[in-house]
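Q: Predicted model follows, preceded by the sequence.
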Amino acid sequence: MTSVPPRSTAVSAPRRVAAATLIGTTLEWYDFMLYGTASALIFGKQFFPSLSPAAGTLAAFSTFAVGFGARPIGGLLFGHFGDRFGRRTTLVVSLIVMGVSSTLIGVLPTYASIGFWAPVLLVVLRLVQGVGLGGEGAGATVLSIEHAPPGRLNRYASFPQMGTPAGLILANAMFLGVSALLPDAAFQSWGWRIPFLFSVILVAVGLVVRLRVTESEEYAGLVRRGEVSAFPLRDALRVGAPRLALILCAAVATSAVVYIFMVFTLTYGAKELGFSRDFLLSGVIVAAIVWCATMPLWGALGDRIGTARVFLAGTAALLAWCAVYFPLLNTGNRVVVFLALLGMGVVLPISHSVGGIIIAELFPPAVRYSGTSLIVQISVILGGGLAPLIATALWSMGSGSGSAGSGSAPVAWYIVAVCAISLISTFALFWVLPRRAGRTGRRIEATEPVPVR
């Protein structure tokens, strides 16, 4: 039986909820990004030593992609329980699942110790990671916007989105710090485990914060009125296939570019261009700081001029920067490469800051967690999960000439094409489909056309 959440007198202040969603998603993404960084720098040698360096990297990225296959399962599972029994408890469970799996990766024996079972167990833990993260991002966004004051939906919805660059900063800083303190042989052998084991402390902090958050009055009202959906995913699909397909395609670009930037760049820059691991990690960290710091500004702009307009402009900016990103990297000039990385930190937050609310507001409150999770997780698979794998395969196919940067052209075309698809889909969703204007902050019901805001 569904229990009634606290009434409005007990509802957490919006700022406390925003902070809780930021801290929680930061910790979740810290764990997830550790795996991505380790896939680029460590796992090929430790878990696939019998393969060539290129094949080992491809295999490591394959295990990275496996986690994305589990994310829809986590999204559907946690989305269902989030709509049926409440957002807060569901988000606490997702945090625990993610933290336990990441900690166990930190103590996992390598191929040298247990042979075949090492990569098998790595894949299993990666699947559990994916399930945990599948319930995180959408739920945090939903909880944040349901506590947001009127007229500030975008600003508050940007806080859980900030967890992505914040987690990236924390994960890469840990890798950079540990690798700086240890000799390279020690880092490759056992030092890489330290950041994973640090997850225990981070998850404990996250739980303390999240347990202080209460449900939103909006969800509490659903329970009191008896309007909780028995089958939220089924009801979420009533939004309609055209809008679901378009919002899915619109969300793909940000996800793909994020993972090309955070994961593939590390491998490409080190193996193709000869840059040191520390230089690349430092550049990504600085870019992520800019990315994280500017997201509330873009969220505030979304509240002023409209969510859809900011998202469209951000997608166009991604397309333009992706067209020059690899040519800038291929110059081999450290200053130019650093500026290329920094540029990603400038353009990524535009669409990313409002991406969560663009999806969440397509669904009515009773099915918002399930519907948002479905779209987010599928878009992450199509964009983010496969992006490093596809990019690595294209790079390997295109690097036959042997000259530095020769394999980047197919990768650049691939990511530009993804951005173009998202740009066209965004325009079609908000300006081509039948629509009517809506006030800023107005909830969008599933039976209504999508307004331009």
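A: Structure's in. What do you need? Numbering: from 1, shown residues only.

Q: tell me the centre residue of the protein?
A: Nearest to the mean C-alpha position of the chain, counting by CA atoms, centre = their mean, stands T164 at 5.6 Å.

Q: That one and W29 touch, don't they?
A: Yes. T164 is within contact range of W29, at 5.2 Å (criterion: CB atoms under 8 Å). Bear in mind the C-beta positions are built from the backbone N, C-alpha and C, glycine included.

Q: Touching both of the two, which residues are there?
A: Common contacts of T164 and W29 (CB atoms under 8 Å, 6 or more residues apart in numbering): none found.

Q: From what I see, F326 and S408 are in contact.
A: Yes. In this structure, F326 is within contact of S408 by CB under 8 Å, at 4.1 Å.

Q: now the helices for the stretch 1-150 of the chain?
A: 14-41, 43-47, 53-85, 87-105, 111-114, 117-134, 137-147 (DSSP state H, counting those that start in this stretch).

Q: closest one to G302 among those helices?
A: helix 137-147 (11.8 Å; CB to CB).

Q: Mind listing what's buried along stretch 87-100?
A: 87-92, 94-95, 97-100 (16 or more other CB atoms under 10 Å).

Q: just how off-centre is that stretch within its chain?
A: 16 Å (CA atoms, centre = their mean, to the nearest Å).

Q: What of stretch 27-41?
A: 11 Å.

Q: Format the CA atom coordinates belonging to it as CSV.
A: C-alpha atoms of stretch 27-41 as CSV (Å, rounded to 0.1, in the frame of the first residue of the first chain):
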residue,chain,number,x,y,z
LEU,A,27,28.5,11.1,-6.3
GLU,A,28,26.7,8.9,-8.8
TRP,A,29,28.6,10.4,-11.7
TYR,A,30,31.9,10.2,-9.8
ASP,A,31,31.5,6.4,-9.7
PHE,A,32,30.5,6.2,-13.3
MET,A,33,33.2,8.5,-14.6
LEU,A,34,35.8,6.5,-12.7
TYR,A,35,34.9,3.6,-14.8
GLY,A,36,35.1,5.6,-18.0
THR,A,37,38.6,7.0,-17.1
ALA,A,38,39.8,3.5,-16.1
SER,A,39,38.5,2.1,-19.3
ALA,A,40,40.6,4.6,-21.3
LEU,A,41,43.8,4.2,-19.2
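
Q: any idea of the mean pLDDT in that stretch?
A: For stretch 27-41, the per-residue pLDDT values average out at 77.

Q: try stretch 201-213
A: 82.

Q: what's in contact with that stretch?
A: Contacts of stretch 201-213 (CB under 8 Å, 6+ apart): 12, 16-17, 19-20, 23-24, 27, 30-31, 88, 91-92, 95-96, 98-100, 103, 143.

Q: Let's see that with 10 Å instead.
A: 11-13, 16-17, 19-28, 30-31, 87-89, 91-92, 94-100, 102-103, 140, 143, 147, 167, 170, 174, 199 (CB atoms under 10 Å, 6 or more residues apart in numbering).

Q: Flag every buried residue along the helix or strand where I421 lies.
A: In this assignment (DSSP states H and E), I421 forms part of helix 408-427. Using 16+ other CB under 10 Å as the test for burial, helix 408-427 gives 408-412, 414-416, 418-419, 421-423, 425-427.

Q: do stretch 278-295 as well
A: 280-285, 287-292, 294-295.

Q: and what of stretch 39-50?
A: Result for stretch 39-50 [16+ other CB under 10 Å]: buried residues 39-48.

Q: same deal with stretch 98-114?
A: Neighbour-count burial for stretch 98-114 [16+ other CB under 10 Å]: 98-106, 108, 110-111.
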